[in-house]
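Enquirer: No sequence on hand, only this structure:
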């Protein structure tokens with residue numbers, strides 16, 4: 001047998017032993033074992049204060065049972081660098097690690113994961129960066145990765161070619177074509193400080209269950225700093241409609257939306273990718289109409305209408321972009337005067353419910369004709 005063959009077999013045998021050994025050392029007894037490597041200690045410390053503190057490292061990062069070869073090779077790579085004192089002081093999750101972690105999110109968050117898959121935030125790299133209609137209007141740039149490729153390791157020139165408005169465009173790495181560009185970790189930090197969510201009791205109403213409106217895991221992954229910034233630390237902008245200050249919701253979740261759906265430096269509504277509502281919807285939060293993960297709005301009107309409708313009509317059948325995307329009345333900015341240029345008609349009487357009438361009678365309040373109380 002040739003020496004080269006012997007060496008190759010020896011290397012293969014060594015790898016066969018070293019790879020599971022590396023994974024075994026990495027998995028060990030959970031977080032405490034991982035923290036034996038000083039460069040991983042900060043990550044373990046933040047995990048211990050996070051909402052995921054009761055979830056083993058291997059549940060998200062993989063373990064010996066995983067069939068993903070890249071996981072075991074990655075552990076071997078980290079072990080080798082650690083033994084050679086080449087490990088970085090700050091451990092970062094690589095782009096190639098993100099999708100396997102996001103796939104494991106569905107183990108506990110099945111409904112949320114399915115909604116994300118059905119919504120626009122599950123768009124692939126091919127869908128976003130080889131879009132002919134978009135690329136002919138706006139030249140691709142590195143800033144695109146701030147929202148549409150947060151975990152890509154490289155510049156826009158490393159992702160797509162050519163960088164112009166002529167095209168045709170293609171991804172340099174064809175394997176990225178069907179990969180989600182905005183995965184779960186784009187808006188959620190697994191290690192963000194916070195308490196675990198209490199077990200839900202589906203029999204009780206949401207308020208009685210004490211469900212939180214704002215979870216501590218909400219965080220923007222900053223592609224420049226390569227770390228998650230909790231939504232509680234993200235600012236809400238002051239918006240303008242020409243010179244007028246626009247009232248915006250102080251919903252802390254909305255600060256996350258504004259990081260990507262942002263106005264231009266002028267802070268004018270509807271500039272850039274901004275969709276701050278004005279008109280009849282001024283002051284509403286994005287999440288008042290858009291579902292958290294799917295972004296669907298089809299059931300949102302019923303939350304307020306017809307109870308709060310001035311005209312008492314079915315608003316879902318009005319000529320707005322909710323009914324027809326080509327309508328000139330954008331639901332974000334529509335006003336009563338858009339459909340009533342000669343003057344807004346007086347409010348139509350609305351029938352009170354028996355409970356409202358009884359409550360008013362008990363309190364001795366005089367009801368204003370035509371105005372039903374919610």
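Expert: Yes, it's here. Computed from a predicted structure; not experimentally measured.
Enquirer: going forward, measure contacts and count neighbours with C-alpha atoms only.
Expert: Will do.
Enquirer: how about residue 94, what does it touch?
Expert: 151, 153 (CA atoms under 8 Å, 6 or more residues apart in numbering).
Enquirer: If we use 10 Å, what do you get?
Expert: By CA atoms under 10 Å, 6 or more residues apart in numbering, the contact set of residue 94 is 151-153, 226.
Enquirer: Can you tell me which of these is closest to residue 249?
Expert: The closest of those to residue 249 turns out to be residue 226 (CA to CA; 28.6 Å).
Enquirer: The closest one contacts residue 95, doesn't it?
Expert: No: assessed by CA atoms under 10 Å, residue 226 is found out of contact with residue 95, at 11.0 Å.
Enquirer: Residue 250: neighbouring residues, count only.
Expert: For residue 250, the neighbour count with other CA atoms under 10 Å is 12.
Enquirer: ok, it touching residue 283?
Expert: Yes: at 8.5 Å, residue 250 and residue 283 qualify as touching, with contact defined as CA under 10 Å.
Enquirer: what stretches of the chain score poorly on pLDDT?
Expert: In the predicted model of the chain, residues 1-33, 63-72, 74-75, 199-213, 348-374 satisfy pLDDT under 70.
Enquirer: okay, now the domains of it?
Expert: The chain breaks down into these domains under automatic domain parsing: 7-91, 120-194+215-233.
Enquirer: Please tabulate these in TSV, including the columns mean neighbour count.
Expert: Output for the domains of the chain, formatted as TSV (neighbours: other CA atoms under 10 Å):
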stretch	mean neighbour count
domain 7-91	16
domain 120-194+215-233	18
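Enquirer: possible to save these as a markdown table with distance to residue 308?
Expert: Shown next, in a markdown table, are the domains of the chain (distance: least, CA to CA, whole Å):
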| stretch | distance to residue 308 |
| --- | --- |
| domain 7-91 | 38 |
| domain 120-194+215-233 | 29 |
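Enquirer: Could you tell me which residues touch both of residue 226 and residue 95?
Expert: 150-151.
Enquirer: What segments of the stretch 201-350 of the chain are strands?
Expert: 219-222, 227-230, 239-241, 244-246 (DSSP state E, counting those that start in this stretch).
Enquirer: Hmm, residue 124 and residue 176 touching each other?
Expert: Yes: using CA under 10 Å, residue 176 makes contact with residue 124 at a distance of 8.0 Å.
Enquirer: which non-adjacent residue is nearest residue 281?
Expert: Leaving aside its chain neighbours, residue 281 sits nearest to residue 332 (6.8 Å; criterion: CA to CA, 6 or more residues apart in numbering).
Enquirer: The one you found: neighbouring residues, count only.
Expert: Neighbours of residue 332 using other CA under 10 Å come to 20.
Enquirer: residues contacting it?
Expert: Counting by CA under 10 Å, 6+ apart, residue 332 has contacts 270, 275-282, 284, 286, 320-322.
Enquirer: just residue 269 next, same as before
Expert: Neighbours of residue 269 in contact, by CA under 10 Å, 6+ apart: 238-242, 246, 262-263, 275-278, 333.
Enquirer: just curious, which of the residues you listed is nearest to residue 143?
Expert: residue 262 (12.7 Å).
Enquirer: what's that closest one sitting at in phi/psi?
Expert: phi -110, psi 150 (degrees, to the nearest 10).
Enquirer: thought it was touching residue 235?
Expert: No: Residue 262 lies out of contact with residue 235 (CA under 10 Å); the separation is 11.7 Å.
Enquirer: Could you tell me which residues touch both of these two?
Expert: In contact with both residue 262 and residue 235: residue 255, using CA under 10 Å, 6+ apart.
Enquirer: how near is the nearest residue in space to residue 156 that is not next to it in sequence to residue 286?
Expert: Excluding its sequence neighbours, the residue lying closest to residue 156 (CA to CA, 6+ apart) is residue 142, at 5.1 Å. Distance of residue 142 to residue 286, computed by CA to CA, to the nearest Å: 27 Å.
Enquirer: And for residue 195?
Expert: 25 Å.
Enquirer: now do residue 260
Expert: In terms of CA to CA, residue 260 sits 13 Å off from residue 286.
Enquirer: These two - which one has more neighbours?
Expert: Between residue 260 and residue 286, counted using other CA under 10 Å, residue 286 has the larger neighbour count: 22 against 16.
Enquirer: surely the more buried one meets residue 296?
Expert: No: the criterion here is CA under 10 Å, and residue 286 misses it with residue 296 at 11.3 Å.
Enquirer: Kindly tell me how buried residue 317 is, as a neighbour count.
Expert: Neighbours around residue 317, by other CA under 10 Å: 10.
Enquirer: So how do I select the buried members of the contacts of residue 332 in ChimeraX?
Expert: To isolate the buried ones among the contacts of residue 332 in ChimeraX, judged by 16 or more other CA atoms under 10 Å, type:
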select :270,275,276,277,278,282,284,286,320,321,322
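Enquirer: from the contacts of residue 332, which is closest to residue 309?
Expert: Distances from residue 309 to the contacts of residue 332, taken by CA to CA, are shortest for residue 280, at 9.9 Å.
Enquirer: how close does residue 143 get to residue 59?
Expert: 33 Å.
Enquirer: Please spell out which residues along stretch 324-336 are buried.
Expert: Buried, per 16+ other CA under 10 Å, within stretch 324-336: 329-335.
Enquirer: what does stretch 96-113 give?
Expert: 98-102, 104-105, 112-113.
Enquirer: Contacts for that stretch next, please.
Expert: By CA under 10 Å, 6+ apart, stretch 96-113 touches 59-62, 68, 70-71, 74, 93, 114, 116-119, 122, 151-153, 179-181, 183-186, 190, 292-294.
Enquirer: Ok, stretch 117-137 next?
Expert: Contacts for stretch 117-137 (CA under 10 Å, 6+ apart): 111-113, 115-116, 140, 144, 148-149, 156, 159-161, 163-171, 174-184, 186, 291-296.
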